[in-house]
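# Take this sequence and fold it.
(4 chains)
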Number of protein chains: 2
Amino acid sequence: MTESLALAEHIKKRINLTDAEVNEFLSCFKLMKVRKRQFIIQPGFIAHHKNYVVKGAFRAYVVDDTGQDHTIQVSIEDWWISDYNSYLYQKPATMFVEALEDSIILQIHYNDEAWLKQEHHNFETFFRIMAERSMAHMQRRIITNLTKNAEERYKEFEVQYPEIVQRIPQYALASYLGMTTEYLSRLRNRRTKKS
Amino acid sequence: MTESLALAEHIKKRINLTDAEVNEFLSCFKLMKVRKRQFIIQPGFIAHHKNYVVKGAFRAYVVDDTGQDHTIQVSIEDWWISDYNSYLYQKPATMFVEALEDSIILQIHYNDEAWLKQEHHNFETFFRIMAERSMAHMQRRIITNLTKNAEERYKEFEVQYPEIVQRIPQYALASYLGMTTEYLSRLRNRRTKKS
DNA sequence: CGTTTCCAATGAACTGGATCAGGAAATTAG
DNA sequence: CTAATTTCCTGATCCAGTTCATTGGAAACG
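As a prediction, this is how the structure comes out:
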């Protein structure tokens, strides 16, 4: 149960709950260990779970017609990850969600989440806050992608998520930022040479 | 009150409500008439309202350092619009939200929305569904922007929102799709000449 | 331990889409 | 109605970022 502590803190930061409620919430989650390079979601299969990262790192990506990856989301400790279009509408996924390291996650099933939301106004509020913030975050990303060039996108990301830059492979970062690995490599070396 | 009918239908499609609840919901909204080219949100001012479009069309856009616009959202009848990062966190807006036609909207104030959500589990659910779907929609847009080229993005939009393509000026569409008006013009003429 | 597979760095040639510049249509205002 | 302004079209040129190819180093693996 020590792994659930982080999740308990996570939710208590966002809504007020009694100990009983916290336990009810946690009881809906199942602990899973995932090895590096393992997939927790694959295209064609419905994403039945929302995943809270206790330890490790994941990336969600799509593969386009020309065979290239595009990283849609990266998650490390205390973040959530899934293919939300698949999860929300319970339709087949279009994404891969892959562990970038050996990891531990807490999974909640779609039906259990639905039940929690229906049963307690509190939990409905929690998931509403989560959705609102994800929405706002994604909108900021859309804006960045539309308004900034490759170098600016990289710099912005470096400032905002220095930990993630250190931790994930360059190809994952490049495809998240919407550029090739080659170009990202050039940008990085441009910068470090100057200083 | 005839203008509220559309909004009443909108919400009843998403959650089950008694007539009294519908009225309580509607009573939080104020009707506003907006003339073409008028702004309902401007950078530097906090977006106090979420806006439901009863009639007309709007676009939300940011202006980058080089002075170019980037359309973040377009809304016609039965859609919502605001600067969600400003609204959600009650921080100064970065966007303009401008009427593209003479329009009619129903506005809800941030505090009234908060009150509705707190008061009734039902309304919390409604706003949660709204946020979830917006999030999923934005994620699909991120994917499209990362995986498709200009022509494919245009074609996809044309198929999905033919009505909007007809209705909004080309510069608004081009800047939504992440290309210049010149390039969009070329794409359009490429296609129509063939057929 | 060597071998294989993965990942970052860099060079050279290329291209999708931007920029700049000039008009032609179409709206809008008066 | 005409004038002014806004929107759209088209051609010529340019560049940020891609593509393709090669190399070296570092994990992963038997």
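
# show me where chain A has strands.
A:29-34, A:39-41, A:49-55, A:58-63, A:69-75, A:80-81, A:96-99, A:103-109 (DSSP state E).

# JSON lines for those, including mean neighbour count and distance to DNA strand C?
(Glycine included, C-beta is placed from N, CA and C.) Formatted as JSON lines, the strands of chain A follow (neighbours: other C-beta atoms under 10 Å in any protein chain shown; distance: least, C-beta to the nearest atom of the strand, whole Å):
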{"stretch": "strand A:29-34", "mean neighbour count": "16", "distance to DNA strand C": "16"}
{"stretch": "strand A:39-41", "mean neighbour count": "19", "distance to DNA strand C": "14"}
{"stretch": "strand A:49-55", "mean neighbour count": "22", "distance to DNA strand C": "19"}
{"stretch": "strand A:58-63", "mean neighbour count": "22", "distance to DNA strand C": "11"}
{"stretch": "strand A:69-75", "mean neighbour count": "22", "distance to DNA strand C": "10"}
{"stretch": "strand A:80-81", "mean neighbour count": "22", "distance to DNA strand C": "18"}
{"stretch": "strand A:96-99", "mean neighbour count": "22", "distance to DNA strand C": "10"}
{"stretch": "strand A:103-109", "mean neighbour count": "20", "distance to DNA strand C": "15"}
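
# Out of those strands, which gets nearest to chain B?
strand A:69-75 (4.2 Å; C-beta to the nearest C-beta).

# just to revisit the earlier point, let me have the strands of chain A in CSV, adding mean pLDDT and distance to DNA strand D as columns.
Listed next are those as CSV, based on pLDDT from 0 to 100; distance: least, C-beta to the nearest atom of the strand, whole Å:
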stretch, mean pLDDT, distance to DNA strand D
strand A:29-34, 95, 15
strand A:39-41, 94, 15
strand A:49-55, 97, 16
strand A:58-63, 96, 14
strand A:69-75, 95, 11
strand A:80-81, 98, 21
strand A:96-99, 95, 12
strand A:103-109, 97, 13
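
# and the ones you listed as CSV, adding distance to B:S175?
Output for the strands of chain A, formatted as CSV (distance: least, C-beta to C-beta, whole Å):
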stretch, distance to B:S175
strand A:29-34, 41
strand A:39-41, 33
strand A:49-55, 34
strand A:58-63, 24
strand A:69-75, 22
strand A:80-81, 31
strand A:96-99, 32
strand A:103-109, 39
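
# Of all those, which one is nearest B:R35?
Shortest distance between B:R35 and these, using C-beta to C-beta, is found for strand A:69-75: 39.6 Å.

# Just the C-alpha atoms of that closest one, please, in CSV.
The C-alpha trace of strand A:69-75 is given here as CSV (Å, rounded to 0.1, in the frame of the first residue of the first chain):
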residue,chain,number,x,y,z
ASP,A,69,6.1,8.4,-34.5
HIS,A,70,4.6,11.5,-32.9
THR,A,71,4.7,11.7,-29.2
ILE,A,72,1.5,13.1,-27.8
GLN,A,73,2.2,12.9,-24.1
VAL,A,74,5.0,12.1,-21.7
SER,A,75,4.3,11.2,-18.1
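
# quick one: is it near chain B?
Yes - using C-beta under 8 Å from any C-beta of the partner chain, strand A:69-75 reaches chain B at A:H70, A:I72.
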